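**Student:** Generate coordinates for the sequence data below:
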Amino acid sequence: MSPMINSLVAVFLVIATGWGLKTAGFVTATHWSGVERLTYQVLFPAVVIHTLAVADLSRLPVLAMGLSLILTILCVAAALLLSRPLLRRLGIEGPAFTSIFQGSVRWNTFVGLALASGLLGRDGATMMAIAVAAMIPLLNVMCVIVLARYANGQPMSPGATVRSVALNPFIWSSALGLILNQLQWMLPVAVATYVDILGRAALGIGLLVVGAGLDLGRLAKPRLAHGLAIALKLVVMPVLAWTLARQLGVSGPALTMTVVAAAVPTATAAYFLARDLGGDAPLMAEITTMQTLLALGTLPLAVLILT
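**Tutor:** Residues are numbered from 1 along each chain as shown. Have a look, this model is predicted:
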């Protein structure tokens, strides 16, 4: 089996383990919530900080890779917003539209980092951390604005939006890691080892959390909303990212990581944002579950065909 298939199978086996543990009641829902918070707010920021702080960014196409992913997001977002009148005629109203939007542009950072580390080790994690720094701030702002505009919930104030973005663990950890890198300030050995240990725990636990968030009971008969979000996220996004990255001169492993970042399924956190801001949370959960299962086939195809 190819390294890509081996890494992907390993990642999805851990996700399946998380789902199995939740289904069997081995870990209660309350405990899963605590594990998710630990992973999101402590363990994954440790991965991002340590990876970016010690990376040799001078040998990587940081700007080209980041720009290609940002442009990909903007293109898909613009296409969806322009198609809003047509979607309304097809019966897709505001809350459902916001779930399609999130399902089409957001990405599962846990899956992306785990795949990158499995494929290319530290270099892969570094390139995926670059993707985190480029994509997460834009995605957080865009999704909050779209939900405030089209969902039925209480709109988030500008101040609350800024706080939400600034306090996002992936954003502040990316900023801190890049600052440490540019200052060339080496972490003390004990601190670096501490952060590295936390980071090593992040990948496995993060994937278990992804699995625990899946709800196979929500696998409804596919509708237009499901199909649109699946096609845009798992097909259009990686093809568009590959096209733009090639035009910007990205090649080799960096191109592979760009495609992986664009081809992973949507984030499980999209469900909570939809629930809190008045989006169609059940539809969001269905899209997330369908994409995660389908990505087992679409991810290796995207990488094998496009890179």
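**Student:** What is the neighbour count of Met237?
**Tutor:** When neighbours are counted by other C-beta atoms under 10 Å, Met237 registers 26. The C-beta positions use only the backbone N, C-alpha and C, and glycine is treated the same way.
**Student:** just the one 5 residues further on next, same as before
**Tutor:** Counted by other C-beta under 10 Å, the residues lying close to Trp242 total 24.
**Student:** Need phi/psi at it.
**Tutor:** phi -60, psi -40 (degrees, to the nearest 10).
**Student:** doesn't Ala261 make contact with it?
**Tutor:** No - the criterion here is C-beta atoms under 8 Å, and Trp242 misses it with Ala261 at 11.0 Å.
**Student:** Could I get the buried residue list for the least confident helix or strand in the chain by mean pLDDT?
**Tutor:** One helix or strand of the chain scores below all others by mean pLDDT, DSSP states H and E: helix 158-166, with a mean of 75. For helix 158-166, a neighbour-count test (16 or more other C-beta atoms under 10 Å) marks Thr161, Val165 as buried.
**Student:** cool, stretch 246-255 as well?
**Tutor:** Buried-residue list, stretch 246-255, by 16+ other C-beta under 10 Å: Leu248, Val250, Pro253, Ala254, Leu255.
**Student:** The fourth one and Val195, how far apart?
**Tutor:** Yep, that's Ala254 we're talking about. Ala254 sits 25 Å away from Val195 when distances are taken as C-beta to C-beta, to the nearest Å.
**Student:** Then the last one?
**Tutor:** The span separating Leu255 from Val195 equals 29 Å under the rule C-beta to C-beta.
**Student:** The second one too?
**Tutor:** Separation of Val250 from Val195 (C-beta to C-beta): 29 Å.
**Student:** and stretch 7-19, which residues are buried?
**Tutor:** Quick answer for stretch 7-19 (16+ other C-beta under 10 Å): Ser7, Leu8, Val11, Phe12, Val14, Ile15, Gly18, Trp19.
**Student:** Of the residues you listed, just say which sits nearest to Gly121.
**Tutor:** When these are compared for distance to Gly121 (C-beta to C-beta), Ser7 wins out at 10.8 Å.
**Student:** How about that closest one: what's its closest non-neighbour residue?
**Tutor:** In this structure, Ser7 finds its nearest non-sequential neighbour in Gly118, 3.4 Å apart by C-beta to C-beta, 6 or more residues apart in numbering.
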